[in-house]
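Visitor: next one to model:
(chains A and B)
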Protein chains: 2
Amino acid sequence: MATRFIISIDLGGTNLKIALLDPRYRILSRETLHTRKFSNKNTLIAAIVYAVNKVKKENRLNKNNILGVGLGLPGSIDIKRGSVHFFPNIPGWKDVKLRGILERKLGLPVFMDNDANLMGLAECTLGAAKGARNAVCITLGTGVGGGIILEGKLYRGSSYAAGEIGHIPLNEYGPKCNCGGRACIEAYIGNKRITQEAKRVFKRNISLEELSRLANSGHSKARAIWIKAGRRLGMVLAGVINLLNPDCVVIGGGIANAGKVLFDKIRSTVAEQAMPVQAKHVRILRARLGNDAGLIGAAILAAEKA
Amino acid sequence: MATRFIISIDLGGTNLKIALLDPRYRILSRETLHTRKFSNKNTLIAAIVYAVNKVKKENRLNKNNILGVGLGLPGSIDIKRGSVHFFPNIPGWKDVKLRGILERKLGLPVFMDNDANLMGLAECTLGAAKGARNAVCITLGTGVGGGIILEGKLYRGSSYAAGEIGHIPLNEYGPKCNCGGRACIEAYIGNKRITQEAKRVFKRNISLEELSRLANSGHSKARAIWIKAGRRLGMVLAGVINLLNPDCVVIGGGIANAGKVLFDKIRSTVAEQAMPVQAKHVRILRARLGNDAGLIGAAILAAEKA
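Guide: Have a look, this model is predicted:
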């Protein structure tokens, strides 16, 4: 039987990434388009179709040697119906039956899920949490996303909305969050909040990259910002660890690049706050697959479901 | 084949309950002993053995018509080794291989688990959450215990310590908790804390029963105490609901007797704070099996594992 490849798509608020992967989830080729160029839903769908067909053509693939298309999406998905509830950061999508539309246009089976779930699936299959039975995966970015693997499987919840670690409250009262609630951890440590705090402290615009660099070279004010974020995330994670008693927590995304200063504080807070049995068991790990986690997770999803 | 019965034991900090159940989990007879009478581990084990043998004798049962003994325990259990890590409210137990000891003394198979897990199992099998695929069950008592059913099964975590809803932090900073952490929800709404607050407000000792009665007859200060507790529990539950997207949350235990005033506030807080998809899906229910949940859960465990 011929080798069968997988086409993976990772749709984000900024980039649309498309890649061809082999059955061992190695990325053979990739392409990145700018999401914002596609002003509405239909042009974005047309761009996806165009890019998939381009990958097929360039690699001389046909239906028989493509296992399927895996699709990671930045929002709330109804897995069963194959539809998008909405994307918080891409306007114009509401209850779109995307899987059906793409399957008709592509003539290929399409498998889709939330991007944080797919990051979790990838890190647990091939990355930092490889072999873990129970793992909690977090992406720290504009939003704070989460994917939960329980008993070796992606746990999606009763209406496919599980894993929203970013929307666990850090306090009884606190700043308003994009989700409609208050005091969610995302409202304290999302990219924007950290950038705002850095601007307030440094009296100028400062990127997260620079803030991480400064912290790692010992700058005390920069370190203080990451230490505060680490303590806050550590408190919320202690609750998640007490609740789920996982083997590991995997942390990725842009903010995770702050590195040691952030991770040291997360780990020490969990050690202090989580219950002894759970704290002793859990490992807090940095994600390993970086920006490719979404593409790899989408391929794993397609391979497992196809 | 002869009908096979189950002997269930529910060990608490105050009472040791023993019951005989039929294969449909109906309680046929029961007995309650006072836990505090047994000054140490060995006398408590001897009392369990005595009580089980008494039930056997009185009901003229032998090994062939007893399926097994189910045992609910108030603390941290290693299910695999059949040992007790410790009991927070009964001194003198540390790494006791209780299952092996009881099986030798009783000549019957013994199955054990944490009492909050067994309450969850009972409520999901026969009680308020019957038929739920994903459910979170909470007992509000001296401690705030939890049992989680995911994909129709009791979820125990990687070292059998999952479900500790009582030890999710409500705030970044807050009162010290028995678990060693700070600001856990148990440190705000455990029996003792509510009683302390009631004493402060009413300037006299007031039982939780009286506080509930007063609230339900419209007493505004009593209502305020339960409303505050309901809002706090609702905030923590909103986080759990965002994370696990369950079908329902079942709430039982002494404090749950406060009834409508408490449940109304829990529900309205979850409706405001949880994310729309999760909030719309979840039902917040009062436990149905009352004080028998532990005995029934222990019997279900024994029947499923035997």
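Visitor: for A:Asn178, which non-adjacent residue is spatially closest?
Guide: A:Pro88 (6.4 Å; C-beta to C-beta, 6 or more residues apart in numbering or on different chains). Just so you know, the C-beta spots here come from the backbone N, C-alpha and C atoms, and that holds for glycine as well.
Visitor: looks to me like that neighbour is in a strand.
Guide: No - per DSSP: H, G, I helix; E, B strand; the rest coil, A:Pro88 lies outside any strand segment and is coil.
Visitor: from A:Ala132, how far out is the nearest residue to A:Arg133 once chain neighbours are set aside?
Guide: Using C-beta to C-beta, 6+ apart and skipping residues adjacent in sequence, the residue nearest A:Arg133 is A:Gly152, 5.6 Å away. Distance of A:Gly152 to A:Ala132, computed by C-beta to C-beta, to the nearest Å: 8 Å.
Visitor: kindly report the same for A:Gly100.
Guide: Taking C-beta to C-beta, one finds A:Gly100 at 34 Å from A:Ala132.
Visitor: those two: who's more crowded?
Guide: Neighbour count, other C-beta atoms under 10 Å in any protein chain shown: between A:Gly100 and A:Ala132, A:Ala132 has more, with 21 against 13.
Visitor: residues in contact with the more buried one?
Guide: Counting by C-beta atoms under 8 Å, 6 or more residues apart in numbering or on different chains, A:Ala132 makes contact with A:Cys124, A:Ile149, A:Pro246, A:Asp247, A:Cys248.
Visitor: cool, and A:Ser29?
Guide: Listed by C-beta under 8 Å, 6+ apart, the contact set of A:Ser29 reads A:Ala19, A:Leu20, A:Val55, A:Glu58, A:Asn59.
Visitor: and if you look at A:Asn245?
Guide: For A:Asn245, the contact set (C-beta under 8 Å, 6+ apart) comprises A:134, A:277-278, A:281-282, B:156-164.
Visitor: swap the cut-off to 10 Å and go again
Guide: Counting by C-beta atoms under 10 Å, 6 or more residues apart in numbering or on different chains, A:Asn245 makes contact with A:134, A:274-275, A:277-278, A:281-282, B:148, B:155-164.
Visitor: restricted to strands, list those residues.
Guide: Taking DSSP state E, the ones among the contacts of A:Asn245 that sit in strands are B:Ile148, B:Tyr155.
Visitor: all the helices of chain A, in order from the start?
Guide: With DSSP state H, the ranges of helices along chain A come out as A:41-58, A:98-106, A:115-125, A:186-189, A:191-202, A:208-216, A:220-244, A:260-273, A:276-281, A:293-305.
Visitor: measure the residue of the stretch 201-306 of chain A found nearest chain B to B:Ser159 for me?
Guide: Distance from chain B to each residue of the stretch 201-306 of chain A (C-beta to the nearest C-beta) is smallest for A:Asn245, at 2.6 Å. For A:Asn245, the distance to B:Ser159 (C-beta to C-beta) stands at 6 Å.
Visitor: picking up where we left off before, from the contacts of A:Ser29, which would you call buried?
Guide: With burial judged by 16 or more other C-beta atoms under 10 Å in any protein chain shown, the buried subset of the contacts of A:Ser29 is A:Ala19, A:Leu20, A:Val55.
Visitor: for A:Arg267, state which of those is nearest.
Guide: A:Arg267 lies nearest to A:Ala19 out of the buried ones among the contacts of A:Ser29, by C-beta to C-beta, at 33.1 Å.
Visitor: these two touch, right, that closest one and A:Ala302?
Guide: No - in this structure A:Ala19 lies outside contact range of A:Ala302 using C-beta atoms under 10 Å: 11.8 Å.
Visitor: list residues touching both of these two?
Guide: With C-beta under 10 Å, 6+ apart as the test, A:Ala19 and A:Ala302 both reach A:Ile6, A:Ile7, A:Ser8, A:Gly70.
Visitor: dump the residue contacts of whatever residue of the stretch 1-150 of chain A ends up closest to chain B.
Guide: Distance from chain B to each residue of the stretch 1-150 of chain A (C-beta to the nearest C-beta) is smallest for A:Asn134, at 4.9 Å. A:Asn134 sits next to A:124, A:148-152, A:155, A:244-248, A:281-282, B:155-159, B:162 when contact means C-beta under 10 Å, 6+ apart.
Visitor: and for the closest residue to it other than its chain neighbours, the neighbour number?
Guide: In space, and not counting its chain neighbours, A:Asn134 is closest to A:Pro246: 4.2 Å by C-beta to C-beta, 6+ apart. Using other C-beta under 10 Å, the number of residues around A:Pro246 comes to 28.
Visitor: try A:Ile18
Guide: For A:Ile18, the tally of surrounding residues (other C-beta under 10 Å) stands at 24.
Visitor: then A:Asp78?
Guide: Neighbour count for A:Asp78, taken as other C-beta under 10 Å: 17.
Visitor: what bridges to it?
Guide: With DSSP bridges applied, A:Asp78 shows beta-bridge pairing to A:Ser83.
Visitor: was I right to think it contacts A:Ser158?
Guide: No - judged on C-beta under 10 Å, A:Asp78 makes no contact with A:Ser158 at a distance of 11.9 Å.
Visitor: okay, and the common contacts of these two?
Guide: Overlap of the contact sets of A:Asp78 and A:Ser158 (by C-beta under 10 Å, 6+ apart) consists of B:Val277.
Visitor: how about the residue nearest to A:Arg133, what does it touch?
Guide: With contact taken as C-beta under 10 Å, 6+ apart, A:Gly152 is in contact with A:Cys124, A:Thr125, A:Gly131, A:Ala132, A:Arg133, A:Asn134, A:Ala135.
Visitor: again, but for A:Ile165
Guide: Contact analysis of A:Ile165 by C-beta under 10 Å, 6+ apart lists A:116, A:136-139, A:144-148, A:184-186, A:233, A:236-237, A:239-240, A:249, B:239, B:242-243.
Visitor: ditto for A:Glu209
Guide: Per C-beta under 10 Å, 6+ apart, neighbours of A:Glu209: A:Gly254, A:Asn257, A:Ala258.
Visitor: grab the nearest non-local neighbour of the residue most central in space within chain A.
Guide: For chain A, A:Ala116 is the residue whose C-alpha lies nearest the centre (C-alpha atoms, centre = their mean; 3.1 Å). Spatial nearest neighbour of A:Ala116, excluding adjacent residues (C-beta to C-beta, 6+ apart): A:Gly145 at 3.2 Å.
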